[in-house]
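Undergrad: everything below, folded, please.
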Amino acid sequence: MQVATEAPPVEIPVTEWSLEMLDRRDLQPSPLPSGEMTFSLSMLPSPDLNRAFYATVGSRVCWTDRFSWTYEDWDKWVNRPELSTWIAMAEGTVAGFFELEAQPDGDTEVHLVGLVPAFVGKGFGGYLVEQAVRRAWQRGQLWAEGFGPTRRVWLRTSTLDHPNAKANYLRRGFKVAEEESFLRNVPDPRIAPWPLPGDPRTARLVQDED
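TA: You can find the predicted model right below:
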């Protein structure tokens, strides 16, 4: 078996956009996907689940911001009442996910939304974004009880995301609020660190001493 060799970071020119939707009536429905897609709210926060989605969905594009997160970082991220993780299922398996965060003043951010590789290019992406936005507007009802209603849905995307990501968001009714271009050092996404809560070797050393 050939093992991937990690390359050093590469400086890449990046353009980043902040996109927003100020009225739920601006949401444009997507064509229905080629197969049924269902959505479930993760009721038990799991750092393992979210980090697995992040690596699986993002490493084939260039999601690398969370590569340095420890298990404790992931645990703090998911164990917050203002954050919800939604799991998309299709054809009897996990197809994708999205994270929503209730923020002050009625802002709701779509932090991450994406498909696992097996479902990319099969017509599921637009519907996934549509359903993420519908649930973002249902803050305080389906999720984030007590945080009040959503007044604005927003997200960030960039040229490091999937090539069709921005166009997909614009088709769903988002508008560009801000744009910024800069140079960025991007780590090698082929090897996604997989932080653990502790060193699994420790228990084996203890067993050997008994």
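Undergrad: strands along the chain, start to end?
TA: If DSSP state E is used as the criterion, the strands of the chain fall at 10-21, 37-41, 83-90, 93-102, 107-115, 152-158, 175-186.
Undergrad: which of those sits closest to residue 146?
TA: strand 93-102 (9.2 Å; C-beta to C-beta). From N, CA and C alone the C-beta is placed, and that goes for glycine too.
Undergrad: and the closest one, how far out from the chain's middle?
TA: 6 Å (C-alpha atoms, centre = their mean, to the nearest Å).
Undergrad: contacts for it?
TA: Defining contact as C-beta atoms under 8 Å, 6 or more residues apart in numbering, one finds that strand 93-102 is touched by 37, 50, 53, 57, 82-89, 108-116, 118-119, 124, 128, 132, 135-136, 139-140, 143-144, 147-148, 150.
Undergrad: mind redoing it with 7 Å?
TA: 37, 53, 57, 82-89, 108-116, 119, 124, 128, 132, 135-136, 139, 143-144, 147 (C-beta atoms under 7 Å, 6 or more residues apart in numbering).
Undergrad: sheet partners, orientation included, of it?
TA: strand 83-90 (antiparallel), strand 107-115 (antiparallel) (DSSP bridges).
Undergrad: alpha carbons of it, in CSV - could you do that?
TA: Once non-C-alpha atoms are left out, strand 93-102 reads as follows in CSV (Å, rounded to 0.1, in the frame of the first residue of the first chain):
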residue,chain,number,x,y,z
THR,A,93,-25.9,6.0,3.7
VAL,A,94,-24.5,9.2,4.9
ALA,A,95,-24.4,11.8,2.1
GLY,A,96,-23.4,15.0,3.7
PHE,A,97,-23.8,17.4,6.6
PHE,A,98,-24.1,21.0,7.7
GLU,A,99,-23.4,23.1,10.8
LEU,A,100,-25.6,26.0,11.9
GLU,A,101,-24.7,28.5,14.6
ALA,A,102,-27.2,30.9,16.4
